[in-house]
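# requesting a structural model of the entry that follows:
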Amino acid sequence: MLNRRRFLLGCAVLTGGSILSRRGLASALAAPSSAKPTAIGADDPRVQGLVERATVIDMLGLLTLDWSRLRSWQRNPAAFGDADFKRLLASGVDVFHPAVDPNSPEPHAAAIRWASDWNELLKNQARYLLAVLDTADLDRARAEKRIGILIGFQSSEHFRTVDDVALFYGLGQRVSQLTYNDRCRLGSGCRDPHDQGLTEFGRQVVTEMNLVGMAIDLSHCSEKTTLDAIARSERPVLVTHSNCRALAANPRNKSDAVIRALAARGGVMGIAAVRAFLGANPTIDGLLDHFVHVAELVGAEHVGVGSDCDLDPYDPATGRARAAYDIRGLRNPRRAYDLAAGLLRRGFGETEVEMVLGGNFRRVLGQIWTP
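Presented below is the predicted three-dimensional model:
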């Protein structure tokens, strides 16, 4: 496994046909987004080949934000067709983690329905879609040219007791975020004004998730809950979709202290393509700043992709693009290619780009899911 020192001092990075020196590499990664980038675009053959050979994992990637469309796919096998599949395939993303918050007064029942609906879609569309239950399935999705689906939730309120962890594991759930934005039985969310950290029940759930082999996600958790969970867990934990508070003071973003603690235990942080999380520069270069910040802080082996949106983020009620995902220079339908090109421009080598696109999450999920 690479560490930060080896990443900054030991790897040779090809940009524009030349190999950066140690000083040049550090300068490239530290360069502000206003710096003139190396000329490489998403259609460059290097980028095309890189995305094609990588296992690209979006650890908060939604197939669609149009919930009525999703329900029709899940409940009517004929509703999801070849055109839908080809659009997903063209994105370059091999595996999507379309997690949601059950957002129901009865989260347990709502989560069972959600998992059951996904399992029905996966069964009916097996020629297009693949249920991801272990690391071998992550590779199978790309090898078999199917779209991998990783079932998860953005809250663990559906766990009524610790026994429910195993129940939902049996339904295919492999990732669970401990809290959403507010306080719940497990701990404080990022918008809780009184951050009390992980509760006793939350500690029990963390232990049970370790035993079962379910990944712990801390994306929406408060600072103290996040640090408590990292300390409690005997396995690496994830921040599947967040950004860096050092660059943008949003309560959903993670502090450098959290990022260091996460990396010290082997975890990975996915960067979200959400305008509000980027700060004063809502462009692809502003988005790339967050990838660079994590790589500079703890190493490129601890950063990945968690876009937190779908491939066509428009509001079906208005027919207009959603302003929340309007990031200049990022084409959501081709975001894997835009991100790969951008990371190369900012001084990452091809090996590091493959790690960021999915290799890092693949590695850590293998460590978490192994019995």
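# what about the longest helix in the protein?
Criterion DSSP state H: the longest helix present in the chain is helix 107-124.
# what's the distance between the very next helix or strand once past it and the middle of its chain?
Using DSSP states H and E, the helix or strand that follows helix 107-124 towards the C-terminus is strand 129-131. Offset of strand 129-131 from its chain centre (C-alpha atoms, centre = their mean, to the nearest Å): 18 Å.
# now the longest helix of the chain: buried residues?
Residues 107-108, 110-112, 114-115, 118-119, 121-122, 124 are the ones in helix 107-124 that count as buried (16 or more other C-beta atoms under 10 Å). Any C-beta I mention is one placed from the backbone N, CA and C, and that applies to glycine too.
# farthest-apart pair in the residues you listed, please.
The two members of the buried residues of helix 107-124 with the most space between them (C-beta to C-beta) are P107 and N124, at 25.7 Å.
# wait, is D195 part of a strand?
No: under DSSP: H, G, I helix; E, B strand; the rest coil, D195 sits outside any strand and is assigned coil.
# what number of residues are in the vicinity of it?
Applying other C-beta atoms under 10 Å, we find 17 residues neighbouring D195.
# same deal with D192?
Residues within reach of D192, counting by other C-beta under 10 Å, total 20.
# tell me the spacing between it and A99.
Separation of D192 from A99 (C-beta to C-beta, to the nearest Å): 20 Å.
# against L89, how distant is the residue nearest to A90 when sequence neighbours are not counted?
In space, and not counting its chain neighbours, A90 is closest to P333: 6.9 Å by C-beta to C-beta, 6 or more residues apart in numbering. Distance from P333 to L89, counting by C-beta to C-beta: 11 Å.
# and M59, by the same measure?
M59 sits 19 Å away from L89, going by C-beta to C-beta.
# before we move on, back to that, isn't the residue nearest to A90 up against G92?
No: with contact defined as C-beta atoms under 8 Å, P333 does not count as touching G92 (9.5 Å).
# now do the phi/psi pair for P282.
P282 has phi and psi values of phi -80, psi 60 when expressed as degrees, to the nearest 10.
# follow-up on the earlier one: of P333 and G92, which one has the most company?
A count of neighbours by other C-beta under 10 Å puts G92 above the other of P333 and G92, at 24 against 16.
# that one: what's its closest spatial neighbour, skipping adjacent residues?
Spatial nearest neighbour of G92, excluding adjacent residues (C-beta to C-beta, 6+ apart): A336 at 3.2 Å.
# check I230 too.
Spatially, and ignoring its direct neighbours in sequence, I230 is nearest to A261 (4.9 Å; C-beta to C-beta, 6+ apart).
# can you confirm the one you found is in a helix?
Yes: counting by three-state DSSP, A261 is found in a helix.
# let the chain start at 5 from now.
Shifting the count to begin at 5 puts that one at A265.
# wait, it touches K228, no?
No: using C-beta under 8 Å, A265 is not in contact with K228; the gap is 11.6 Å.
# quick check, distance from the helix or strand hosting R91 to the centre of its chain.
For R91, the host element (DSSP H and E) is helix 86-94. Helix 86-94 sits 21 Å away from the centroid of its parent chain (C-alpha atoms, centre = their mean).
# ok, and for that helix, which residues are buried?
88-89, 92.
# cool, stretch 234-248 as well?
Along stretch 234-248, these residues count as buried under the neighbour rule (16+ other C-beta under 10 Å): 234, 236-237, 239-248.
# tell me which of those residues fall in strands.
If you go by DSSP state E, those have 242-246 in strands.
# got these as CSV, with distance to F205 and pLDDT columns?
Listed next are these as CSV, based on distance: C-beta to C-beta, whole Å; pLDDT from 0 to 100:
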residue, distance to F205, pLDDT
L242, 20, 98
V243, 21, 98
T244, 22, 98
H245, 24, 98
S246, 24, 98
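# could I get the residues you listed as a markdown table with distance to G323?
Converted to a markdown table, those look like this (distance: C-beta to C-beta, whole Å):
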| residue | distance to G323 |
| --- | --- |
| L242 | 35 |
| V243 | 33 |
| T244 | 30 |
| H245 | 26 |
| S246 | 30 |
